[in-house]
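Student: Starting from these lines, generate the structure:
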Amino acid sequence: MALKVGDRIITASAAAGPAIEGQGISCGMLAGPGAISDVNVEGGYWRLTVIDSNMNPAKGPLVDPVMGNEIEGSDAMPKGITGTGVISTIALALKEGLIEKLPELPNGKLILGPGITISDKDVEEAGKAIGAIRAAHMTLIVDAGIKYEDLKYSYMSGATGTYVDANKARRIGSVPDFCKNIIQFGNTSLSLARKIAIDRSKLDEVITIAQKIKADHLMMASSETFKNIYMCELASWQNGMPTGMYAQMLGMYNIPVYPETLKYANIEKRVVRDIDDVGYLGLDVVVDIWKGS
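Tutor: Residues are numbered from 1 along each chain as shown. Okay, the predicted model is just below:
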């Protein structure tokens, strides 16, 4: 992640991605065909969005997440859930009151399909990652010497910037919910690789930018600010620490209290899939990566 303040670009990183995909979630998988990428309420039940064979979001089954019943079938059958789907599931469970206190779910789990569940333990694991993201956002702002309210734009990239519902990301804190403008850029690394492949001169421009920002990297591992905020995040996600107590803890650490959530944000989504332009040859998805000579 990076924070731009005037001509200064401060970079940082917080371990998150694999923890809410295949590495830390029991039914997690990387974004690919069959992955649940979003969930939404429909007629009192949950409609799944599933990535199809062309990496497009498709209409999946309608399910009862508490009882585990499939209300309506679909040709887009889910195989697992990707990080964006985890964010969406937790955000929706909070909004619909299925999570009254983190990380506790009804009967200890939500059922999204045959063999596809999100458990209390999964919420805890996801919370470690989401909390790290939120703590890193706050640390960048605090250590840059600006106010939270000074953040005018938030840019989302990668799978999050493609498939996740930005409002749901705001609800759980993986995107600052006090920022007025959110832009979803999609998979910027793939887009940049394409531009460099077409025009080699772009590489020189990227190298120049990388050298410029190298000196302004903020190490979260050695940041007291990050450590203190992350402890509050863990207490919230794993023990259900109330918001008021969270604010009191920040005050003890002399860290500015988190601002009030904006009810609405201006959201601009610029792409619908990871590779927005696949060219005239189309897209082939490699499933069995390790097979072959």
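Student: which residues in the stretch 151-293 of the chain form helices?
Tutor: Listed in chain order, the helices of the stretch 151-293 of the chain (DSSP state H, counting those that start in this stretch) span 166-172, 188-198, 201-213, 224-239, 243-252.
Student: most neighbours per residue, which of those helices?
Tutor: helix 166-172 (a mean of 21; mean count of other Cβ atoms under 10 Å). In short, each C-beta sits where N, CA and C put it, glycine included.
Student: low-scoring pLDDT stretches of the protein, where are they?
Tutor: In the predicted model of the chain, residues 16-19, 21-23, 274-276, 285, 287-293 satisfy pLDDT under 70.
Student: Flag every buried residue along the lengthiest helix in the chain.
Tutor: Identified as the longest helix of the chain according to DSSP state H is helix 120-144. For helix 120-144, the neighbour count (16 or more other Cβ atoms under 10 Å) marks 120, 122-144 as buried.
Student: Output the helices of the stretch 151-293 of the chain as CSV; include the columns distance to I9.
Tutor: As requested, the helices of the stretch 151-293 of the chain are exported to CSV (distance: least, Cβ to Cβ, whole Å):
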stretch, distance to I9
helix 166-172, 22
helix 188-198, 15
helix 201-213, 4
helix 224-239, 18
helix 243-252, 26
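Student: Nearest approach to T82 belongs to which of those?
Tutor: Nearest to T82, of all those, is helix 166-172, at 13.7 Å by Cβ to Cβ.
Student: For the closest one, enumerate the helices and strands it packs against.
Tutor: Judged by 3 or more Cβ pairs under 8 Å, 6 or more residues apart in numbering; DSSP states H and E, helix 166-172 is in contact with helix 83-95, strand 181-186, strand 266-269.
Student: what about the closest residue to I118 other than its chain neighbours, which helix or strand?
Tutor: The shortest distance from I118 to any non-neighbouring residue, by Cβ to Cβ, 6 or more residues apart in numbering, is to L110 (4.6 Å). Secondary structure assignment for L110, by DSSP states H and E: strand 109-113.
Student: Partner strands of that strand, with direction?
Tutor: strand 116-119 (antiparallel) (DSSP bridges).
Student: mind checking how far the partner strand is from the chain centre?
Tutor: 18 Å (Cα atoms, centre = their mean, to the nearest Å).
Student: Contacts made by it with the rest, please.
Tutor: 25-27, 36, 78-81, 86, 89-90, 105, 108-112 (Cβ atoms under 8 Å, 6 or more residues apart in numbering).
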